[in-house]
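[1] the following comprises the amino acid sequence and a computationally predicted model.
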Amino acid sequence: MTDADEFTPDWFSKPGDSLRALMQRRGVAPQDVADQLPGGMATLRGFLDGSRRIQSDEAGSLANTLGGTTAFWLKRQSNYDDALERAVDRAFATEAEDWLLIPVPGPQPRGRMSADMRRAEVRRRLAFFSVGTIAAWETRYGRIRSETLFRTSHAFTSDDHAVLMWLREGEVRADMVATRPLHVENLLDRMEAIRKLSLVHRPELFLPKLTSLCAEVGVAIVPQRAPRGCRASGASRMVASDKAMVLLSFRGLSDDRFWFTVFHELGHVVLHRAHTFVDSDMDAEVQDEAEREANEFASRCIIPEGREDEFERLHAARDAVVRFSVSAGVGPGLTVGQMQNRRMIRPDQLNYLKRHWRWDDLAVLFDQPR
């Protein structure tokens, strides 16, 4: 290993970047690293997103797990701290107001801030986004904003900054999902097993299985509640050359919306993996060809092509819908969602066949990295 990356005017590297690189290079699972750290996954996540400093005992644990020495990891942290403070000095003096307009996770300050509080908030933003200037932020994240494709209705008014914060949170959490190299054909082979998970009622039971199935083929499944101002239900993005991320917000709190989003985002991975997609509700009016293709992929996952004729003969009868759904291997709520989306039944019909969740029930999924 080399010493910490040197600070440059527009970019600097946190110790978490070395952690990520070494975990990938040496094939060490994030859980194996976390198991050796005080605080477990919460500590590892703090290292990766820059919100936690590496202390002496933690440096020893990293040395034992990933290599290097305790001194290396402490020096890596010290170099980053110095680089960050130099960046904060400049940003606070010239760009503080611009930085404070960009949201970051965690509690937001209220009322009038002292100079020390303002400086701390600027530091928090530089550390979270790993950039040293607004120009660097625009180069890295403005490009994502301009290249991101949206599945949206005309009423979709997500705040760009909130969307970017959500994507960045997803990237950090995706670092903690160990995956094999992306293999689209193997992903397609697992779609039948994935769709059968929609028969499982409780997210805490099906989500680990979904995560495992997708990790085996190079896709990190990341549950992350969308922040205020971001109305996205899901997103897909290549976070490395051989690793895709599917980010799921559980927006809508119903199984039909959740699973359609899962299949839609996996469709983007299969069909359009060079782009970043941020998607809103499944009934949005779609103009983009890529979004139509992903919608069609998702619909075929729910209603297999060989069952289309049978599906189209369904009517608003509970027993018929349940019988078809079980034989097709999908949750009845997903069938109802497709019937409503295709205007076979009214939006208020058969909704009792959908499963609905509460945010309180889902909190553990967002708070604990997988």
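    Okay, I see it. Treat the numbers as computed from the prediction; the structure is a model and nothing was measured.
[2] against E289, how distant is R342?
    R342 sits 20 Å away from E289, going by Cβ to Cβ, to the nearest Å. From N, CA and C alone the C-beta is placed, and that goes for glycine too.
[3] and R180, by the same measure?
    Distance from R180 to E289, by Cβ to Cβ: 30 Å.
[4] which one's more surrounded, these two?
    R180 (13 against 9; other Cβ atoms under 10 Å).
[5] is that one located within a helix, as I assumed?
    No - counting by DSSP: H, G, I helix; E, B strand; the rest coil, R180 falls outside a helix, being coil.
[6] can you pull the contacts of the closest residue to R273 other than its chain neighbours?
    Nearest non-adjacent residue to R273, counting by Cβ to Cβ, 6 or more residues apart in numbering: M238, 5.8 Å away. Residues near M238 by Cβ atoms under 8 Å, 6 or more residues apart in numbering: 244-245, 273-274, 276.
[7] okay, these in TSV with pLDDT, secondary structure and distance to L188 next?
    Converted to TSV, these look like this (pLDDT from 0 to 100; DSSP: H, G, I helix; E, B strand; the rest coil; distance: Cβ to Cβ, whole Å):
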residue	pLDDT	secondary structure	distance to L188
A244	96	strand	14
M245	96	strand	18
R273	83	coil	13
A274	67	coil	18
T276	84	coil	21
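[8] quick one, which of those are buried?
    244-245, 273, 276 (16 or more other Cβ atoms under 10 Å).
[9] out of the residues you listed, which one sits closest to T70?
    M245 (32.3 Å; Cβ to Cβ).
[10] what sits against the closest one?
    170-171, 174, 219-220, 222, 235-239.
[11] sketch out the strands for the stretch 151-300 of the chain, chain order is fine.
    Applying DSSP state E, counting those that start in this stretch to the stretch 151-300 of the chain gives strands spanning 219-223, 234-240, 243-248, 277-279.
[12] worst mean pLDDT among the ones you listed?
    Ranked by mean pLDDT, those bottom out at strand 277-279, with a mean of 86.
[13] can you read off the pLDDT for the residue lying farthest from the centre of the chain?
    Distance from the C-alpha centroid of the chain peaks at R313, with 37.5 Å (Cα atoms, centre = their mean). pLDDT, R313: 94.
[14] OK, contacts around V88?
    V88 sits next to 119, 122-123, 126 when contact means Cβ under 8 Å, 6+ apart.
[15] do the same with F206
    197-198, 200.
[16] now with 6 Å, please.
    Contacts of F206 were listed using Cβ atoms under 6 Å, 6 or more residues apart in numbering, and they are 197, 200.
[17] quick check: mean pLDDT across the one helix or strand I144 maps to?
    In this assignment (DSSP states H and E), I144 forms part of helix 143-147. In this model, helix 143-147 has a mean pLDDT of 70.
[18] farthest pair in the contacts of V88?
    Taking Cβ to Cβ as the measure, those reach their widest spread between R119 and L126, a distance of 10.7 Å.
[19] more neighbours: which of these two?
    More neighbours surround L126 than the other of R119 and L126, with 25 against 17 (other Cβ under 10 Å).
[20] secondary structure element for that one?
    L126 belongs to helix 115-129, assigned by DSSP H and E.
[21] tell me, how many residues neighbour S241?
    7.
[22] ugh, wrong one, A136
    20.
[23] against S212, how distant is it?
    Distance from A136 to S212, by Cβ to Cβ: 36 Å.
[24] quick one: the strands in the stretch 1-150 of the chain?
    149-151.
[25] quick one, helices of it?
    Taking DSSP state H, counting those that start in this stretch, the helices of the stretch 1-150 of the chain run over residues 15-26, 30-34, 40-49, 56-66, 70-94, 96-100, 115-129, 134-137, 143-147.
[26] in JSON lines, list those helices along with distance to V322.
    JSON lines is the format used below for the helices of the stretch 1-150 of the chain (distance: least, Cβ to Cβ, whole Å):
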{"stretch": "helix 15-26", "distance to V322": "45"}
{"stretch": "helix 30-34", "distance to V322": "38"}
{"stretch": "helix 40-49", "distance to V322": "39"}
{"stretch": "helix 56-66", "distance to V322": "49"}
{"stretch": "helix 70-94", "distance to V322": "56"}
{"stretch": "helix 96-100", "distance to V322": "53"}
{"stretch": "helix 115-129", "distance to V322": "46"}
{"stretch": "helix 134-137", "distance to V322": "51"}
{"stretch": "helix 143-147", "distance to V322": "42"}
